[in-house]
Every structure is written in structure tokens, then in C-alpha cells.
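[1] everything below, folded, please.
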Amino acid sequence: MPKINGNEIRPGNVLEHNGGLWAAVKVDHVKPGKGGAFAQVELRNLRNGSKLNERFRSADKVEKVRLEQKDMQFLYEDDGQLIFMDTETYDQVQIAAAILGERRPFVQDGMTIVVEFHEDEALSATVPQKVTCVIEETEPVVKGQTAANSFKPAVLENGVRISVPPFVGQGEAIVVNTETMSYSERA
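    Have a look, this model is predicted:
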């Protein structure tokens, strides 16, 4: 695995540190008035989800890990485990539903999701950035209400609450941005 300097760490990098695999969540480069510059890095453990704040100086060397990405199809959920199938080999993989966090409700049957592996161990999964959902409950459409930046609350079919523009009604299909958890457009 390649070694990188402490000042080359970027958000999203996966590092081998203290015997575990950590993803860099947030990186701040700090130049104090006294002493050398360093990178203040917030790390998240890919195996158990714990967090760690660490300082890396430019002279520090860390192992950068490259994860293998595979497109896998979601099959079903069983006792807090999400079951995915490799569409090429038909092998099945289990991943804890907690890994997806608040994006878990957007996983739909048959959806293709990118799963990241490190030496045949599934570590994380990424939901597509845009997902189509149906509005289950919202206030009725009011004609003439076209004020800019006005939104109304809505509940989606998966139970997630988001804000939608006033012209969107109940039973309509919309596209939701899963990164920002917000309305994107009509489907």
C-alpha cells in the first residue's frame, strides 16, 4: 500500500492507522503562530463506526488504502443486515444496515448500490445520489402560491420527512438528493 505524507490526507481517503481502517471525514490544515503546521483530521472507523481526531504533521507517513468498488444489487433486509448480490458472480454479501445511517430508507428492492471491499470484507455501501420516491402525505396544492423559496413539509413512502415546493402534491413521484436529503425535481 502506498504511504502518503500527513499533509496529503484528503476527505474520503481511507487510511490504515493504529491497526484499523479509518476514513478521513474532515481535514483542517492548521498553521499555528508557534511550531510547525499540521493537519487536524477527523477519522471514522470503517468497521465499528467510532470516531477519532488525530493530528498529522507533514513528516508523518500514513498508509493509504485503496478499496475495491463493486456494483451490487440489493435483495432484502434480514435482522438488521442488508443482503446484496454480485450481479456477475451471484455471490451474496451481508452488510450491517447501520453503515448506511440516515440513507437506509432510500434503499429499494433491486436497486444497484456501490459496495466497497477491502480484502473480501465489505466495509461500506453508497446509495445513488438521486432516488425516485412517491409523496405519501403533504398539504394540498394551493393555486397562485408561487413565492420564491417557500417549501412545505412532506412525508415520503419510506417514512422520511423532507420539504417540497408548494406545487408538488400527494401521490406524485419526485427525485430526492440522498446526499443533502432534499427535494431535487419532479420524476
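[2] now the worst-scoring helix or strand of the chain on mean pLDDT: buried residues?
    Sorted by mean pLDDT, DSSP states H and E, the helices and strands of the chain end with strand 121-126, the least confident at a mean of 82. Using 16 or more other CB atoms under 10 Å as the burial criterion, the residues of strand 121-126 that qualify are A122, L123, S124, A125. Yep, even glycine has a C-beta here, placed from its N, CA and C like the rest.
[3] which is the next helix or strand following that strand?
    strand 130-138 (DSSP states H and E).
[4] can you list the low-confidence ranges for this protein?
    1, 142-148 (pLDDT under 70).
[5] domain assignment for it?
    Listed domain ranges for the chain are 3-65, 68-126, 130-186 (source: automatic domain parsing).
[6] all helices for the chain, in order.
    Counting by DSSP state H, the chain has no helices at all.
[7] look up which residues are beta-bridged to the residue positioned nearest the centre of the chain.
    Nearest to the geometric centre of the chain sits T126, at 5.4 Å (CA atoms, centre = their mean). Applying DSSP bridges to T126 gives these bridge partners: V114.
[8] how close does it sit to W22?
    The gap separating T126 from W22 is 17 Å, by CB to CB, to the nearest Å.
[9] could you do V65 as well?
    Distance, V65 to W22, by CB to CB: 9 Å.
[10] ok, A122 next?
    17 Å.
[11] what's the answer for E77, then?
    27 Å.
[12] which of those two has more neighbours?
    W22 (24 against 13; other CB atoms under 10 Å).
[13] residues near the closest residue to that one other than its chain neighbours, how many?
    Closest residue in space to W22, ignoring its immediate chain neighbours: L43 at 3.9 Å, by CB to CB, 6 or more residues apart in numbering. Per other CB under 10 Å, the neighbour tally for L43 reads 24.
[14] show me the contacts for L43.
    Contact partners of L43, counting by CB atoms under 8 Å, 6 or more residues apart in numbering, are L15, H17, W22, A23, A24, V25, K51, L52, N53, E54.
[15] what's the local residue count around the closest residue in space to V127 that isn't next to it in sequence?
    Distances taken as CB to CB, 6+ apart place R103 nearest to V127, at 4.6 Å, with adjacent residues excluded. By other CB under 10 Å, 17 other residues sit near R103.
[16] same question, D60
    16.
[17] look up the closest residue to it, ignoring the ones flanking it.
    G6 (3.9 Å).
[18] D28 versus that neighbour, what's the distance?
    Taking CB to CB, one finds G6 at 12 Å from D28.
[19] more neighbours: which of the two?
    Neighbour count, other CB under 10 Å: between G6 and D28, G6 has more, with 18 against 9.
[20] one step back: from the contact counts, what lies against the least confident helix or strand of the chain?
    Contacting strand 121-126 under the criterion 3 or more CB pairs under 8 Å, 6 or more residues apart in numbering; DSSP states H and E are the following elements: strand 81-86, strand 92-96, strand 112-118.
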